[in-house]
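Participant: need a structure here:
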Amino acid sequence: MGYHEDDQNSLEQLLESLIKMVGNANRNVDSLSVRVRQLEWLIREQQFVIKERDPLDIYPRHHHHSSEKVPLHL
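Facilitator: Below you'll find the model as predicted:
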């Protein structure tokens, strides 16, 4: 009879551990979902800003700063 009670206790502990693991996994998934939604919102917001921006603001008019770093060989 003692062996049966030990098995039952072990199964109960295993079940409790599984419930805790599933709960932790669900919280992690929920947290990840929130982060994904935040990232999607930021991407959409940036796309909107880029669409509304003047193309000349996206590409700088003064290229001399970048060309100073690269020597010109003639």
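
Participant: burial measure for Asp30, as a count.
Facilitator: Neighbourhood size, Asp30 [other CB atoms under 10 Å]: 10. Any C-beta I mention is one placed from the backbone N, CA and C, and that applies to glycine too.

Participant: got a pLDDT number for it?
Facilitator: You'll see Asp30 listed with a pLDDT of 94.

Participant: which phi and psi does it have?
Facilitator: phi -60, psi -40 (degrees, to the nearest 10).

Participant: Which residues are in contact with Arg27?
Facilitator: For Arg27, the contact set (CB atoms under 8 Å, 6 or more residues apart in numbering) is empty.

Participant: name the element it belongs to?
Facilitator: helix 2-52 (DSSP states H and E).

Participant: any low-confidence regions in the protein?
Facilitator: Residue ranges of the chain with pLDDT under 70: 1-3, 54-74.

Participant: For Gln13, see how far away Leu32 is.
Facilitator: Separation of Leu32 from Gln13 (CB to CB, to the nearest Å) stands at 29 Å.

Participant: What about Lys20, how many residues nearby?
Facilitator: 10.

Participant: any idea how far it lies from Asn26?
Facilitator: 11 Å.

Participant: Could you do His4 as well?
Facilitator: 33 Å.

Participant: now do Leu18
Facilitator: 12 Å.

Participant: number of nearby residues for Ala25?
Facilitator: 10.

Participant: tally of neighbours for Glu5?
Facilitator: 9.

Participant: for Ile43, that is, sorry about that
Facilitator: Ile43 - counted by other CB under 10 Å - has 10 other residues nearby.
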